[in-house]
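Participant: with the input below, show me the fold.
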Amino acid sequence: MRIDRNFLVRAILLACIALSDLRAENIPPEKLNDALKIPEKSIQKTRDYSDAKLIVNDEYFIQCLRSILDDTTLSDEEKIYGFYLLQKKIGWAFCGTAYIPSRKNYFMVFNGYVGVYAKTRKKLEPMNYDVASFCRIAQKNLSTNSVLSANAIFLASMLNPKASQKDLRELLDYKSVQSAQVPDIMNHYLCLASIFTIGDQVERLGRNLELISSEEAKEDIICILHVYQDQEAWEPIKRFMSTVTDSHYGTALETAFFALMRRMQKEEFQLMIDDLILRSVDSWKKGTLIKLMNNEIPYYSSGSKPDQNFIKVWDSFNITIYDDAYLISYKGHFKEVIRRKPVVSSAEPEKK
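Facilitator: Predicted coordinates:
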């Protein structure tokens with residue numbers, strides 16, 4: 001019997017949330033001191049961008065980011081942290097967890113990111129921004145500060161894909177990803193950065209899909225490969241579905257199923273899944289594919305109730321729940337705090 005780890009996390013979170021109302025325990029101040037250190041000027045710059053009804057508006061988000069980039073009193077590192085703080089305000093800053101709204105799954109949420117960030121890229125393109133410093137920051141901080149390094153290359157790629165392409169390609173190398181302070185954070189943002197150089201990163205993304213062990217990191221790669229129009233980009237997803245044997249990757253199999261179902265012709269997809277079911281010797285895999293084909297596993301999050309929100313937690317991360325926040329930690333050398341019930345943009349998956 002396969003037990004979905006994220007289902008267990010979701011159940012524990014819901015139970016703890018219910019209990020937290022009784023304990024009313026806020027995160028202790030000393031725990032906040034352990035979290036990621038953000039420059040004060042970045043905090044001050046983004047403090048005014050706090051109106052929930054405004055920040056979820058794509059145009060306002062872009063306006064805020066442009067204001068950060070245009071501010072000559074901020075250093076380049078402070079601008080990168082400012083961009084990260086904007087993401088935190090809408091629940092999109094990645095530090096090992098993802099907020100999944102009701103009636104959504106991670107595949108849908110990731111495609112929401114793609115739509116908004118592609119729009120942001122188009123709006124900011126006329127700035128012709130010099131991203132050389134951002135690229136240097138990404139390379140310099142790879143092994144010591146994944147939030148800074150990852151957001152630096154993501155922002156550089158969004159502002160100027162051509163100028164940052166060489167650095168993005170180098171950082172996408174499997175050994176580079178694994179040498180990061182927190183590989184899953186680096187992988188997530190590298191996948192998002194690959195939105196803007198369509199097709200150029202397919203080979204390395206495909207290799208990383210094979211070699212990276214984290215299930216959720218595999219899902220990030222599957223989601224970005226799905227974005228590309230070229231069928232060559234879908235081949236790594238097909239190989240994953242064909243070769244996966246470990247039930248630990250059950251949720252990634254579901255994500256791959258949804259990705260290819262959306263991209264492939266209906267008849268071709270049906271034949272592929274029928275063949276996988278026929279050839280599979282793993283009962284969990286065969287059963288999962290049959291359930292997916294029969295719509296017995298809902299599209300909105302591996303069997304959860306459709307009206308429940310939940311926090312998806314990546315492998316190797318720990319989460320401590322307080323009444324007002326979540327404390328996320330990774331192997332003792334990375335900690336970050338995210339607020340409860342983030343405001344999430346209503347962006348739908350980009351239509352292709």
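Participant: okay, helices next: where are they in the stretch 251-352 of the chain?
Facilitator: Taking DSSP state H, counting those that start in this stretch, the helices of the stretch 251-352 of the chain run over residues 266-279, 283-293.
Participant: now do Glu296 against Met108, distance only.
Facilitator: Per Cβ to Cβ, to the nearest Å, Glu296 is found 19 Å from Met108. The C-beta positions use only the backbone N, C-alpha and C, and glycine is treated the same way.
Participant: how about stretch 209-229 as PDB, C-alpha atoms only?
Facilitator: These are the backbone C-alpha positions of stretch 209-229, laid out as PDB (Å, rounded to 0.1, in the frame of the first residue of the first chain):
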ATOM      1  CA  LEU A 209      15.500  14.700 -13.800                       C
ATOM      2  CA  GLU A 210      17.300  11.400 -13.900                       C
ATOM      3  CA  LEU A 211      20.000  12.100 -11.300                       C
ATOM      4  CA  ILE A 212      18.300  14.200  -8.600                       C
ATOM      5  CA  SER A 213      16.800  12.100  -5.800                       C
ATOM      6  CA  SER A 214      14.300  14.500  -4.300                       C
ATOM      7  CA  GLU A 215      10.800  13.700  -5.500                       C
ATOM      8  CA  GLU A 216       9.600  17.300  -5.300                       C
ATOM      9  CA  ALA A 217      12.700  18.500  -7.200                       C
ATOM     10  CA  LYS A 218      11.800  16.000  -9.900                       C
ATOM     11  CA  GLU A 219       8.300  17.600 -10.000                       C
ATOM     12  CA  ASP A 220       9.800  21.000 -10.500                       C
ATOM     13  CA  ILE A 221      11.800  19.700 -13.500                       C
ATOM     14  CA  ILE A 222       8.800  17.900 -15.000                       C
ATOM     15  CA  CYS A 223       6.700  21.100 -14.700                       C
ATOM     16  CA  ILE A 224       9.200  23.300 -16.500                       C
ATOM     17  CA  LEU A 225       9.900  20.700 -19.200                       C
ATOM     18  CA  HIS A 226       6.100  20.600 -19.900                       C
ATOM     19  CA  VAL A 227       6.200  24.300 -20.600                       C
ATOM     20  CA  TYR A 228       8.300  23.900 -23.800                       C
ATOM     21  CA  GLN A 229       6.400  23.400 -27.100                       C
END
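Participant: show me what contacts Lys335?
Facilitator: Contacts here follow Cβ atoms under 8 Å, 6 or more residues apart in numbering; on that basis Lys335 touches 34-36, 327-329.
Participant: distance to Arg207, pLDDT and neighbour count added to those, as a markdown table?
Facilitator: Shown next, in a markdown table, are the contacts of Lys335 (distance: Cβ to Cβ, whole Å; pLDDT from 0 to 100; neighbours: other Cβ atoms under 10 Å):
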| residue | distance to Arg207 | pLDDT | neighbour count |
| --- | --- | --- | --- |
| Asp34 | 35 | 77 | 13 |
| Ala35 | 33 | 84 | 18 |
| Leu36 | 30 | 88 | 17 |
| Leu327 | 34 | 92 | 19 |
| Ile328 | 28 | 94 | 22 |
| Ser329 | 29 | 94 | 19 |
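Participant: where does pLDDT dip in the stretch 251-352 of the chain?
Facilitator: Residue ranges of the stretch 251-352 of the chain with pLDDT under 70: 298-307, 341-352.
Participant: so which residues of the chain form strands?
Facilitator: 97-100, 310-313, 317-321, 325-330, 334-339 (DSSP state E).
Participant: nearest to Glu219, of the contacts of Lys335?
Facilitator: Nearest to Glu219, judged by Cβ to Cβ, of those is Ile328 at 17.7 Å.
Participant: coming back round to it: can you tell me which of the strands of the chain is nearest to His226?
Facilitator: Ranking the strands of the chain by their distance to His226 (criterion: Cβ to Cβ) puts strand 97-100 first, at 16.5 Å.
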